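K.L.:
Need coordinates for the below:
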Amino acid sequence: MTPPTTSASPSPRVSHIGIAVQSLDGALPFYRDVLGLPVVPIDDADGARIAAVAAGDALIELLEPAMPGSPIDKFIARRGPGIHHVCFATPDLDAALERCRAAGIRLIDEVPRVGAEGKRIAFVHPSSTGGALVELTEM
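P.N.:
Numbers count the residues shown, from 1 in each chain. Model (predicted):
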């Protein structure tokens with residue numbers, strides 16, 4: 001069943017899921033070799049070494065700390081390896097952030113910044129999303 005749409009613009013979609021790992025060399029073989037997901041070249045960002053694999057129209061980004069004290073290093077120290085964030089691609093990032101502000105949603109990034117792949121991104125605080133770190137990016 002296709003969900004209803006309310007406008008002519010594309011609906012947001014899952015862009016990628018970020019998974020914090022202790023080692024890309026230890027984690028990547030499962031996704032690449034066992035599951036057979038193709039590796040997609042991607043740049044490192046935000047103090048993380050990143051390996052990505054395509055899973056349908058979305059990516060799985062494996063995030064290894066590139067240095068002590070990086071956001072991924074702190075995440076693993078607090079929570080251990082696992083799902084770090086879900087990223088949704090939206091047709092208009094600025095409009096999505098304005099809707100968040102109007103709804104009283106707490107933003108980590110009040111102003112979009114450049115993330116992996118050179119795209120504009122902004123993070124939404126987990127306290128406003130039921131405990132999940134959500135990244136928003138432009139399509």
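K.L.:
V114 and E138 touch, don't they?
P.N.:
No - applying CB atoms under 8 Å as the test, V114 and E138 come out as separate, 11.1 Å apart. Yep, even glycine has a C-beta here, placed from its N, CA and C like the rest.
K.L.:
Between these two, which contacts overlap?
P.N.:
Both V114 and E138 are contacted by R120, under the criterion CB atoms under 8 Å, 6 or more residues apart in numbering.
K.L.:
Where does the prediction get shaky in the chain?
P.N.:
Residues of the chain that meet the criterion pLDDT under 70 lie in 1-8.
K.L.:
In it, mark out all the strands, start to finish.
P.N.:
With DSSP state E, the ranges of strands along the chain come out as 13-20, 39-40, 48-55, 58-65, 82-90, 113-114, 120-124, 134-138.
K.L.:
Tell me which of those strands sits most buried.
P.N.:
Mean neighbour count (mean count of other CB atoms under 10 Å) peaks for strand 58-65 among these, with a mean of 23.
K.L.:
Can you check what angle separates that one from strand 48-55?
P.N.:
160 degrees (axes from the mean of the first three to the mean of the last three CA atoms, to 10 degrees).
K.L.:
what's the closest non-adjacent residue to the residue nearest the centre of the chain?
P.N.:
Geometric centre of the chain, nearest residue: C87, 3.7 Å, by CA atoms, centre = their mean. Leaving aside its sequence neighbours, C87 sits nearest to E135 (CB to CB, 6 or more residues apart in numbering; 3.9 Å).
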